[in-house]
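Asker: Fold the following and give me the result.
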Amino acid sequence: MLPQRLSEISEIPDLMLDKVVLSVQNTFASISGDAPELVEQVNSLQPMNGIIGNIAVFNPEHTLSMMLAVPKETAVSISVKFVGFELEFESDDIGDLIGEISNILAGEVAMNIETIGFRGQSSLPTATRGSDLRLFLPNKPPSARLRFVTSDGEFWLYLALYESQRY
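Answerer: Numbering: from 1, shown residues only. This next block holds a predicted model:
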């Protein structure tokens, strides 16, 4: 599925991207009842006021890093469906919410990419909230920026595929 050295490829393989998109659709459909639509792969993103969930799926050879970027309005809308009431965006609870959604998504990704030969486990999630957030991905590893739209609003998933570090 993946070459031993990622220097042999310049993009995340389509088969892996397809499994990630399926994972996003399954995860968000289970939360809100409607699957998000992949609108496009984007080259850049304007600064965002919102929250970012960071998590990775990894094995000894490779790491798939994921940044789930959720604008403020989308995060608040999703909170109603996930916990049954609206969370205050400035509360710690919204960070827990996006961290938990990132964790659920990573589990789904790990399960789905295992079917194409990438067996891995997920890291612990972290969340970052702020205004004028700009997401950057390194330009060397294969990466992708995916934009999704749901009835709750839009969000982005940034992916980077690395060779795992050995210590």
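Asker: so who does Ile52 touch?
Answerer: If a contact means CB atoms under 8 Å, 6 or more residues apart in numbering, then Ile52 has Met67, Leu68, Ala69, Val70, Ile98, Ala127, Thr128, Arg129, Leu133, Leu135 as its contacts. Where you see a C-beta, it was placed from the backbone N, CA and C, and this is true even at glycine.
Asker: Which strand residues bridge Leu161?
Answerer: For Leu161, the beta-bridge partners under DSSP bridges are Leu64.
Asker: Could you check how many residues crowd around Ser164?
Answerer: 12 (other CB atoms under 10 Å).
Asker: and the residue nearest to it when sequence neighbours are not counted, what is it in contact with?
Answerer: Spatial nearest neighbour of Ser164, excluding adjacent residues (CB to CB, 6 or more residues apart in numbering): Thr63 at 5.0 Å. For Thr63, the contacting residues are Ala56, Val57, Leu161, Tyr162, Glu163, Ser164, by CB under 8 Å, 6+ apart.
Asker: Next: Val80.
Answerer: So Val80 contacts Glu86 (CB under 8 Å, 6+ apart).
Asker: How about residues contacting the longest helix along the chain?
Answerer: Counting by DSSP state H, the longest helix found in the chain is helix 92-114. For helix 92-114, the external contacting residues (CB under 8 Å, 6+ apart) are 16, 19-20, 22-24, 26-27, 30-31, 51-57, 64, 66, 68, 70, 75-76, 78-79, 82-83, 87-88, 120-127, 129.
Asker: among the contacts of Thr63, which two are most distant?
Answerer: Val57 and Glu163 (14.1 Å; CB to CB).
Asker: If you count surrounding residues, which of those two has more?
Answerer: Legend: neighbour count by other CB under 10 Å for Val57 and Glu163, higher for Val57 (27 against 15).
Asker: Relative to Phe85, how far out is that one?
Answerer: Distance from Val57 to Phe85, counting by CB to CB, to the nearest Å: 31 Å.
Asker: same deal with Leu97?
Answerer: 11 Å.
Asker: Over to Glu37?
Answerer: According to CB to CB, Glu37 and Phe85 sit 26 Å apart.
Asker: Same question for Ala110.
Answerer: Ala110 is 30 Å from Phe85, by CB to CB.
Asker: before we move on, what about Ala127?
Answerer: Distance from Ala127 to Phe85, by CB to CB: 19 Å.
Asker: again, but for Asp92
Answerer: Distance from Asp92 to Phe85, by CB to CB: 16 Å.
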